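> Next come a sequence and a model predicted from it.
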Amino acid sequence: MSTNQNPTLLGRSLVLKGDLSGNEDLVIEGQFDGNINIQDHCLTVGAHGQLKAEVHARQVVVLGSVNGNITARDKVEIRKTGHVLGDLVAAGIAIEDGAYFKGSIEILREDAAEAPQALASSSAGLSHE
Amino acid sequence: MSPTTVRQQDATGPKRGGSASPLSSPALEWLWQYHRDVRRPHLVDCGVVRTATMDILLRRCGKLYVADLLSPLQSDDPKYWDRSGKVPVFLIEDFLTRVPPIPSGSIAAAFCWHLFDLIPRDGLPKIVDLLFSLLQPGGLIFCLLREPYLPTGADTDFRFENLTTLGTVGQANRHFPYPVLTTRELEKLVPAGSVKTFLTRSGRREVLVMK
C-alpha cells in the first residue's frame, strides 16, 4: 500500500497539536500531540521525534519517543534509540535490544486455529522455533 | 501447592558468574506444563528488553506486559535512590512506577529473573505484594535466586532460547549486592505452601510462587 512518493516530513522545529489523518507515509522529527490515523501507510518517528498520540497506521517505526498507544495492521518496530510508553497492538512486533518500552503487546492473529498447535508444543516443553 | 524442592541432575557443574551455555529450566518446563490448558495467557516480563525473549513469549501468550525492572537495579540508577541522608534509601514507590497498568488478577505468569536478588531487601515485600496481586488464581511468579557459592552475575541478563531453555547475556562479573535470599525468607512473604523450588547446578535456584 505504500506510495512511491517521498513521505511527508514533519520537521524538527515543528510543534503540532490535533488530529492528523491522510493517505501517505509520514516521518515525524518534531513534536506532535493528538491522534494520528494513516491506516494504510507507514509512520516513522525519527530520532528527534516526540509523540504524545494515539496512532493507527499500517506500519510504525520508532526511533524517537512515543507516549501513547499504537495500533498497526502490519508491524511496529522500536529501534534501539526508541522510547515507547503505551500499548502496542499489531500483527508483528520488533523491539531492538536497548530500546525502552513500558506497556503491553498484543499480536493480531489472522488464524486463531494456530493456538492448539502452540499449546501442544509448549506443554511438551518444546521450542516454538 | 505444597512447598516442594525438586533436585535437577545437570551434566554441568556450577560456574562462577553463571553458565554461558543454554540452561534447560525445570521450573519453566513445570510452568508451561501447568498452563498447558491456558490458551492465550497474559504474561509479564520484568527483565531487560530482549528481542529473542519477546518473540518467544509473544508466540505463546495473548498479551505480554513489559516492565523492565532489572536495568535500573543492574546499573544502580540514581533516580531510584535518595542519598541525601547518612543511609541511602531505595525509592520503592518510584521504582514501582516502571510497572505498566495491569489489571489485578489477570496474569498467568510473571518472569522476574534475578529481580529478588537485586532489589534492596526492604523493597522486597512491596514488589512481591504487587506481583502477587497481579496474578490470577493459579498464576505463577518465576524467579532465579542465587546460591551462596555464586558471588557474581548481578549483571547477567537472561533470555529465552525457547520456552524452556535459557540463554545468558552479559559479563557476569558484577557481585550481587545483597546476601543470599533464602527460600525460607521468600516463603514468609507469600501465603504458606505457595513456593516451589527447583535446585539446579548452575548456581541458581529456580523458584515458582503460585497464587
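Looks like it arrived, so ask away.
> can you list the weak-confidence ranges in the chain?
If you meant another chain, say so; for now it's chain A. Within chain A, the ranges that satisfy pLDDT under 70 run A:1-4, A:111-129.
> was after chain B, sorry
Ranges of chain B meeting pLDDT under 70: B:1-20, B:171.
> Tell me which residues of the longest strand along chain B come out buried.
Identified as the longest strand of chain B according to DSSP state E is strand B:135-146. Residues of strand B:135-146 classed as buried: B:135-136, B:139-146 (neighbour count, 16 or more other Cβ atoms under 10 Å in any protein chain shown). The C-beta positions use only the backbone N, C-alpha and C, and glycine is treated the same way.
> Could you pull up phi and psi at B:Asp155?
Main-chain dihedrals, B:Asp155, degrees, to the nearest 10: phi -100, psi 10.
> for the one 4 residues further on, same thing?
Dihedral angles phi and psi of B:Arg159 (degrees, to the nearest 10) take the values phi -140, psi 160.
> so it makes contact with B:Asp55?
No. With contact defined as Cβ atoms under 8 Å, B:Arg159 and B:Asp55 do not form a contacting pair (9.9 Å).
> more neighbours, the two?
More crowded of B:Arg159 and B:Asp55, by other Cβ atoms under 10 Å in any protein chain shown: B:Arg159, with 21 against 17.
> beta partners for that one?
On the basis of DSSP bridges, B:Arg159 is bridged to B:Gly167.
> A helix includes B:Asp55, no?
Yes. Read with DSSP: H, G, I helix; E, B strand; the rest coil, B:Asp55 is one of the residues of a helix.
> Return the distance of it relative to B:Thr183.
Look at B:Asp55 and B:Thr183: by Cβ to Cβ, to the nearest Å, they are 32 Å apart.
> and what of A:Ile78?
37 Å.
> Could you do B:Thr152 as well?
Using Cβ to Cβ, we find B:Thr152 at a distance of 21 Å from B:Thr183.
> Can you pull out the residues in contact with the host helix or strand of A:Val60?
In the assignment (DSSP states H and E), A:Val60 maps to strand A:50-62. Strand A:50-62 is contacted by residues A:1-2, A:28, A:30-45, A:64-79, A:82-84, A:90, A:99 when judged by Cβ atoms under 8 Å, 6 or more residues apart in numbering or on different chains.
> Convert it to CSV, retaining C-alpha atoms only.
Taking C-alpha atoms only, strand A:50-62 is exported to CSV below (Å, rounded to 0.1, in the frame of the first residue of the first chain):
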residue,chain,number,x,y,z
GLN,A,50,8.3,13.2,20.2
LEU,A,51,4.8,12.0,20.0
LYS,A,52,2.0,12.1,22.6
ALA,A,53,-0.5,10.4,20.5
GLU,A,54,-2.9,7.5,19.7
VAL,A,55,-1.5,6.1,16.5
HIS,A,56,-3.3,4.0,13.9
ALA,A,57,-1.2,3.0,10.9
ARG,A,58,-0.2,0.1,8.7
GLN,A,59,3.4,0.1,10.0
VAL,A,60,5.1,2.2,12.7
VAL,A,61,8.8,2.6,13.2
VAL,A,62,10.0,4.4,16.3
